[in-house]
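Colleague: sequence unavailable; structure follows:
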Ligand SMILES: [Fe+2]
């Protein structure tokens, strides 16, 4: 595939928030107002069910004897490493066939095209969420309200997303968002500029809210909303919107795939080269599609590198459609940049 040359106008003059509030008559109105929005049926129900089935199969084929019909097998001895937040980021998952198929779903990528006002996008090589309720072998999933954006880099910079694959009602596991908090992010960070007890973050593109921060939001009258979704629904949220996730208090498991995109024009050539290497090595990124971090945190089992971890999916290296291949960012690397590698 030939190199795609981006011009300044590809940086999307119509990008949400860039021109101030305006009416769109679709999910973008909710996104502007609330900092998040649900796109119902972004993935047709039949295909969403197939993706959920592929996730069950992934767990059952993992090789440790997991069986979806045996609740006693919902234990780390039978499963890949999944933390208490449901995050599973090893075992080839960022490049599994079903994760790439979900990322390439027209209703998913199309939502991001609308928000950024461009089709020239790149996608994250992100984690999958596999949340089982009532796990006694994991610590409690305590709230960790946060923004996924550097507090020193204000403005709308990144839209996150996840495709939900199992029912997620009010008491089931899923995303919870502080409604409208994206709009006061700058005001908040001015007020907390000299914060003494700042929460440690392993990346600058993350900010954790302390009790004082939560009180500040409460005092301003902000309310939290647990996002309810059906299989195939996509939720998108502004990285500035304060959020975390909840574990199910019912017996309903949670399956979701993170799908985050940004304009290719927002990534530097160095970013894209780093992303190309990550793709070729089947490595993960965080939700930031410009591959600000590659490889993520180590996959550990009982404190040691997990011997069951692997990079290349069992389904093989990804065989991508033309649309999906563009989302790797590789076609946006200039020939000169390729030559100086
Ligand atoms: Fe987050």
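Modeller: Happy to help now that I have it. Computed from a prediction, not measured in an experiment: that's the story for all the values here.
Colleague: can you list contacts of the lengthiest helix in the chain?
Modeller: Across the chain, the longest stretch assigned as helix under DSSP state H is helix 45-60. Residues from elsewhere that reach helix 45-60, judged by C-beta atoms under 8 Å, 6 or more residues apart in numbering: 43, 66-68, 79-80, 93, 96-98, 101-102, 105, 128, 130, 163, 165-166, 230-232, 255, 257. C-beta coordinates here come from the backbone N, C-alpha and C atoms, glycine included.
Colleague: give the next helix or strand downstream of it.
Modeller: If you walk from helix 45-60 toward the C-terminus, the next helix or strand you reach (DSSP states H and E) is strand 87-88.
Colleague: parallel or antiparallel, which strands does that next one pair with?
Modeller: Each strand paired with strand 87-88, and its direction, by DSSP bridges: strand 128-131 (antiparallel).
Colleague: and the partner strand, average pLDDT?
Modeller: Per-residue pLDDT values over strand 128-131 give a mean of 97.
Colleague: tell me which residues of the longest helix of the chain come out buried.
Modeller: The neighbour-count check on helix 45-60 (16 or more other C-beta atoms under 10 Å) flags 47, 48, 51, 52, 54, 55, 56, 58, 59, 60 as buried.
Colleague: how near is the residue positioned nearest the centre of the chain to residue 148?
Modeller: With the centre of the chain defined as its mean C-alpha position, the nearest residue by C-alpha atoms, centre = their mean is residue 258, 3.4 Å away. Taking C-beta to C-beta, to the nearest Å as the measure, residue 258 falls 11 Å from residue 148.
Colleague: give me the neighbour count for residue 77.
Modeller: Residue 77 has 11 neighbours, counted by other C-beta atoms under 10 Å.
Colleague: isn't it up against residue 64?
Modeller: Yes - taking contacts as C-beta atoms under 8 Å, residue 77 lies within contact range of residue 64: 6.7 Å.
Colleague: and the contacts of helix 45-60, which of them are buried?
Modeller: Buried subset of the contacts of helix 45-60 (neighbour count, 16+ other C-beta under 10 Å): 43, 66, 79-80, 93, 96-98, 101-102, 105, 128, 130, 163, 165-166, 230-232, 255, 257.
Colleague: sorry, back to before: how about the residue nearest to the centre of the chain: what's its closest non-neighbour residue?
Modeller: Spatially, and ignoring its direct neighbours in sequence, residue 258 is nearest to residue 126 (3.9 Å; C-beta to C-beta, 6 or more residues apart in numbering).
Colleague: show me the residues around the one you found that make contact.
Modeller: Residue 126 is in contact with 89, 94, 99, 257, 258, 259, 260, 284, 285, 286, 287, counting by C-beta under 8 Å, 6+ apart.
Colleague: run the last query once more with 10 Å
Modeller: Taking C-beta atoms under 10 Å, 6 or more residues apart in numbering as the contact definition, residue 126 lies against 87, 89, 93-94, 99, 103, 160-162, 257-260, 284-289, 296.
Colleague: next one: residue 106
Modeller: Residues in contact with residue 106 (C-beta under 10 Å, 6+ apart) are 42, 43, 44, 113, 323.
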